[in-house]
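Student: Sharing a model prediction with you, sequence too.
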Amino acid sequence: MSFIEVKNVNLDYPLVGVSNLSLKNRVLGAATGGLISAGTGIPVVNALRNISFSLKEGDRLGLVGHNGAGKSTLLKVLAGIYEPTVGSVVTEGRIVSTLNLSLGMQEEATGIENIIVRGLMLGMKRSEIEKKMDDIAAFTELGDYLDMPVRIYSSGMATRLAFATVTAMDSDILLMDEVIGTGDAAFIERAEERLNEFINRSKIIVLASHMEKVIRQFCNVALLMERGEMVAFGTPDEIFSFYERRAKEHRAKNITRILEMLHNNPELMNKAPG
Amino acid sequence: MQQINSAKKNRIFDVISALAAYELWIYLARQDIRLRYRRSKIGPFWITLSMAIFCLALGVVYSKLFKMNLAEYLPFLSVGFVVWGFISGLLGEFPNLFVDNSSYITDTRINPIIILFRVVARSVLVFAHNVLIIVGIYLYFKIQPGMVALLAIPGLFLVILNLVAVGISLSIVGARFRDIAPTTQSLIQILFFISPITWMPHLLSADSWLIKINPIGYYMDLIRSPLLGTAPALHSWAVAFVTLAIFSCVAVWVYQTKSARIPYWV
């Protein structure tokens, strides 16, 4: 049985090599992204705070939130790249992440060699990869190009190779940061079919996306994040109506704030363009 | 089941799981060498050829400087230089190891030890190519080191373990502090001149502290002496084991406390 169990996860992201945040940046930075707390030492972003949820087989979780809300960071914690500062993540099952489609792709290596490396990095054995090779090769339609270095591929060909390799993997838990795709119009239909099959084959998926349509298409639960915190957890319908309501309130609040500011500082009016 | 949490866990198992992933790092190491020389006619033997030319040139000049017989000096220098090439090459790569492989570390879950094993395996492969130089020396100077040469194998193994232990600490510290890489480079240059590679250890008096405190001298003895037909000194083994114990303790501590920070640093 595959599952994901996230308990009270907090993640402080140290900003090494970034010092003396200006006051302006601190104030502006607070509008998006996690809270930056600059103590005397290394500044730290509280990228995730008090995240808890659990997923079982069949769950398709969509992560919703604006840029810097912590969606990608949470995916990286689930992938085991970042270790939570507080709390725990327990997972069961092979995790495949598509956070970087062309990960480990070497320009000088041939298509075949790149497929092998990618498979090995996902923890597959050579024999397992050889079995998948025909399927991957057929799907890429690259033919003899597979024996040539990726350096001579067009960018579309390289994407095909990466896409075909990743979607051939058997994953129990699939982590995606935006839906992967290929730019090739003639290829798109087949790619979509393969992608759907790939997603449906996975027992659990966690997908971060800015596109409501995508979340509604693939997910049966959704998690709204804001500044590294869980704001709401529910069905995609619930989450999106909540999200919209909140966005409206937020806009209204911003307008009120600007009007107040103009009221208190009338001289600003003269500086406004037009 | 995989558990990722903030609680202290034992990361020693990373070494075991990295060993189990031997297919990955051996494949990557071999590919590194293949790719570097893919379009060249003699391929990886460029490494061997350039080192052979260097040894020959330096051997001829220095044997005159030290007023030594070429048949005695050239084998000493060549074997020593091949071994030094292995040690210095690895030491030089460690500080930037994770920085150079940042895409693996920030975009996928990978055991850092696997990345380390990849460069060690690559260096061993390069070393294996350079062994040809030693064979050439044997043939030209009609040297028959005998069975004692086999002692070079455990010696090499012990030196590799030392380098792996140093590598774990050096690569992690190097990821955090970017001044470590250039510092290491200049230290390596100094080490080359203060270690008995171009000059014979007996040129210095036996109790010279320069010889005594530099572990490279003992490592050289472990590999070079058997290849030249004499067993390494017992204290060379002892020193290599002691340094291994020290470096391992440091490595375990650094890895245990800091390895989870690597993704934030690179």
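Tutor: All right, it came through fine.
Student: shaky segments in the chain?
Tutor: All of this is about chain A. A:18-41, A:181-186, A:269-274 (pLDDT under 70).
Student: Actually, chain B is the one I wanted.
Tutor: Checking chain B against pLDDT under 70 turns up B:1-9, B:205-207.
Student: What segments of it are helices?
Tutor: B:13-20, B:22-36, B:45-65, B:70-93, B:97-100, B:102-107, B:112-141, B:152-176, B:180-194, B:209-213, B:215-227, B:234-258, B:262-265 (DSSP state H).
Student: residues of the fourth one that come out buried?
Tutor: What it means is helix B:70-93. For helix B:70-93, burial by neighbour count (16 or more other CB atoms under 10 Å in any protein chain shown) applies to B:73-91, B:93. Heads up, the C-betas are built off the backbone N, CA and C, glycines and all.
Student: Now do that helix and helix B:112-141, the angle between them.
Tutor: Angle, helix B:70-93 to helix B:112-141, by axes from the mean of the first three to the mean of the last three CA atoms, to 10 degrees: 170 degrees.
Student: what's the answer for the second one, then?
Tutor: What separates the directions of helix B:22-36 and helix B:112-141 is an angle of 60 degrees, with the same axes, to 10 degrees.
Student: is chain A contacted by helix B:22-36?
Tutor: Yes: counting by CB under 8 Å from any CB of the partner chain, chain A has neighbours in helix B:22-36: B:E23, B:L24, B:Y27, B:L28, B:Q31, B:L35.
Student: Could you dump these into a markdown table with distance to A:H210 and neighbour count added?
Tutor: As requested, the residues of helix B:22-36 next to chain A are exported to a markdown table (distance: CB to CB, whole Å; neighbours: other CB atoms under 10 Å in any protein chain shown):
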| residue | distance to A:H210 | neighbour count |
| --- | --- | --- |
| B:E23 | 38 | 16 |
| B:L24 | 34 | 25 |
| B:Y27 | 37 | 18 |
| B:L28 | 35 | 24 |
| B:Q31 | 37 | 20 |
| B:L35 | 37 | 16 |
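Student: In a markdown table, list those along with distance to A:M230.
Tutor: Output for these, formatted as a markdown table (distance: CB to CB, whole Å):
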| residue | distance to A:M230 |
| --- | --- |
| B:E23 | 40 |
| B:L24 | 36 |
| B:Y27 | 41 |
| B:L28 | 39 |
| B:Q31 | 43 |
| B:L35 | 45 |
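Student: Among these, which one sits closest to B:H235?
Tutor: B:H235 lies nearest to B:L28 out of these, by CB to CB, at 37.4 Å.
Student: Spit out the contact partners of the residue minimising distance to the centre of chain A.
Tutor: Nearest to the mean C-alpha position of chain A, by CA atoms, centre = their mean, lies A:D177 at 2.4 Å. For A:D177, the contact set (CB atoms under 8 Å, 6 or more residues apart in numbering or on different chains) comprises A:K71, A:S72, A:L75, A:S97, A:T98, A:L99, A:A208.
Student: Which members of those define the maximum pairwise distance?
Tutor: Farthest pair in the contacts of A:D177, by CB to CB: A:K71 and A:T98, 14.0 Å.
Student: Going along the chain, name the strands of the stretch 151-274 of chain A.
Tutor: For the stretch 151-274 of chain A, applying DSSP state E, counting those that start in this stretch gives strands covering A:173-177, A:204-208, A:221-226, A:229-234.
Student: Does the last one pack against any helices or strands, and if so which?
Tutor: Of the remaining helices and strands, those touching strand A:229-234 by 3 or more CB pairs under 8 Å, 6 or more residues apart in numbering or on different chains; DSSP states H and E are strand A:44-56, strand A:221-226, helix A:236-264.
Student: Ranking those by mean neighbour count, which comes first?
Tutor: Most buried of the helices and strands packed on strand A:229-234 by mean neighbour count (mean count of other CB atoms under 10 Å in any protein chain shown) is strand A:221-226; its value is a mean of 22.
Student: Can you list the neighbours in contact with that one?
Tutor: Contacts of strand A:221-226 (CB under 8 Å, 6+ apart): A:53, A:55, A:59-66, A:69-71, A:74, A:215, A:230-236, A:238-240, A:242-243.
Student: Then stretch B:184-204?
Tutor: Here stretch B:184-204 has contacts from B:58, B:62, B:66, B:68, B:76-77, B:80-81, B:84, B:88, B:91-92, B:94-95, B:170, B:174, B:210-211, B:214, B:216-217, B:220-221, using CB under 8 Å, 6+ apart.
Student: cool, stretch B:259-266 as well?
Tutor: So stretch B:259-266 is contacted by A:13-14, A:16, A:76, A:81-83, B:11, B:14, B:98-99, B:101-102, B:105-106, B:112, B:172, B:175-176 (CB under 8 Å, 6+ apart).
Student: So what's the gap between it and the chain middle?
Tutor: 24 Å (CA atoms, centre = their mean, to the nearest Å).
Student: same thing with stretch B:155-166?
Tutor: Going by CA atoms, centre = their mean, where stretch B:155-166 is centred and where its chain is centred differ by 7 Å.
Student: Please enumerate the helices of chain A.
Tutor: A:23-29, A:71-79, A:111-121, A:126-140, A:155-167, A:185-201, A:212-218, A:236-264, A:267-271.
Student: got the ones you listed as CSV, with distance to chain B columns?
Tutor: Shown next, in CSV, are those (distance: least, CB to the nearest CB, whole Å):
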stretch, distance to chain B
helix A:23-29, 18
helix A:71-79, 5
helix A:111-121, 4
helix A:126-140, 6
helix A:155-167, 11
helix A:185-201, 17
helix A:212-218, 21
helix A:236-264, 26
helix A:267-271, 40
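Student: quick one: which of the ones you listed is nearest B:A245?
Tutor: That would be, of the helices of chain A and by CB to CB, helix A:111-121, which comes in at 33.2 Å.
Student: ok and the closest one relative to helix B:22-36, angle-wise?
Tutor: Going by the same axes, to 10 degrees, helix A:111-121 makes 150 degrees with helix B:22-36.
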